[in-house]
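**Student:** What follows is a predicted protein model with its sequence.
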Amino acid sequence: MIPGPLNLITDVAGLKVGNAQEQSLKSGVTVLTADAPFTASYHVMGGAPGSRETDLLHPDKSVAQVDALVLSGGSAFGLDACSGVADALREMGRGFAVGPVTVPIVPGAILFDLINGGAKGWTTNPYRMLGMRALGAAAARFDIGSQGAGTGAFAGSVKGGLGSASIVLPSGHTVGALVAANPVGDVITQNGHLLAAPFGIGDELHQASIDTDIYHHNAYVSQKMAAMMVAAERANTTIGIVATDAPLDKAQCQRLATAAHDGITRAVMPAHTPLDGDLIFGVSTGSGPAEGVDLSALGHAAAMCMTRAIGRAVVEAQAEPRDILPCWTFK
């Protein structure tokens, strides 16, 4: 398999991604958008999802396309990021026309990062403004690791983060994934090996093991974090988006999202627990070739991209002040 030129979800032509974060908050927002509305659906396999406007993405619902998708930290507070994105899109004249009114369609999903060492004593919910800033930053190139919705993410015993990856299929279609990896389950083995490593292409996953001496010396950190997460019912979540330029309808986008959950199970152990809200959006821009569309091949590519994106989220995570968990690479 061959990655696209950027090895990002934005290798799917027309898509843009923007991040906004506050390091003191240890949280942030990631927005995926495009110059024109795009087809989208979703699939949930976690037991504790948090989302906005996802019902309209079911194949039998009337709204055919959306203007943006939001991934946010902040648990339920983070859903307000969608409002900020919708407000900004409305100012741009974007949205679903209903008579004289234009309503931007902005579904979103959130992860739990409220007890990660960040300052959460705000008086005004910060996520609306973070959503607006993330939309304003949307571009083909964007940073991964401790960025956007992945800023304060955990991945089992190490820091999680924001990841992305892409594949160009022999049919000429491009598939990409974007993920905020924050699972209850771990992303490394007891021997310090990255679960996603066997699926990496080239050196994108920094083919190396964790420093096991440092890892075991930091066991007390993991134990402390585990106790904190138990107190908060260990609400975590991996949320993501898989996208393609192949022309798909909503039902096919839902199937793409469903297949991509296999990518989580390869990179996280255990995955889809009752304490995760694992949710994946499936997106089609329809800008690719109409010939040679193979939904099985697209689904396989989406799962592979999701696994690699989770791996990249972990290896690109950056150490920050007041971190509770170490980075996998200890940068």
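**Tutor:** Looks like it came in fine. Numbers count the residues shown, from 1 in each chain.

**Student:** Can you tell me how far G145 is from L256?
**Tutor:** Applying Cβ to Cβ, to the nearest Å, the value for G145 to L256 is 25 Å. From N, CA and C alone the C-beta is placed, and that goes for glycine too.

**Student:** Neighbour count: those two, which is higher?
**Tutor:** Higher neighbour count among G145 and L256: L256, with 29 against 22, using other Cβ atoms under 10 Å.

**Student:** residue ranges with poor pLDDT in the protein?
**Tutor:** For the chain, applying pLDDT under 70 flags the ranges 207-235, 330-331.

**Student:** which SS class is A271?
**Tutor:** coil (DSSP: H, G, I helix; E, B strand; the rest coil).

**Student:** hang on, I meant G4
**Tutor:** coil.

**Student:** Just give the nearest non-adjacent residue to it, would you?
**Tutor:** D11 (2.8 Å; Cβ to Cβ, 6 or more residues apart in numbering).

**Student:** Isn't the one you found up against A165?
**Tutor:** No: using Cβ atoms under 8 Å, D11 is not in contact with A165, being 9.2 Å away.

**Student:** next one: phi and psi at the residue nearest to G4?
**Tutor:** With angles defined as degrees, to the nearest 10, D11 sits at phi -70, psi -20.

**Student:** intersection of neighbour lists for D11 and A165?
**Tutor:** Overlap of the contact sets of D11 and A165 (by Cβ atoms under 8 Å, 6 or more residues apart in numbering) consists of 3, 176.

**Student:** who has more neighbours, these two?
**Tutor:** Neighbour count, other Cβ under 10 Å: between D11 and A165, A165 has more, with 34 against 23.

**Student:** secondary structure element for G176?
**Tutor:** Using DSSP states H and E, G176 maps to strand 174-181.

**Student:** for A309, same thing?
**Tutor:** helix 295-315.

**Student:** so A165 bridges to which residues?
**Tutor:** According to DSSP bridges, the residues that bridge with A165 are A177.

**Student:** can you pull out the strands in the stretch 151-300 of the chain?
**Tutor:** Listed in chain order, the strands of the stretch 151-300 of the chain (DSSP state E, counting those that start in this stretch) span 154-155, 158-159, 161-168, 174-181, 239-244, 279-284.

**Student:** residue contacts, the closest residue to E204 other than its chain neighbours?
**Tutor:** Closest residue to E204 apart from its sequence neighbours, by Cβ to Cβ, 6+ apart: R312 at 6.1 Å. Neighbouring residues of R312 by Cβ under 8 Å, 6+ apart: 144, 163-165, 204-205.
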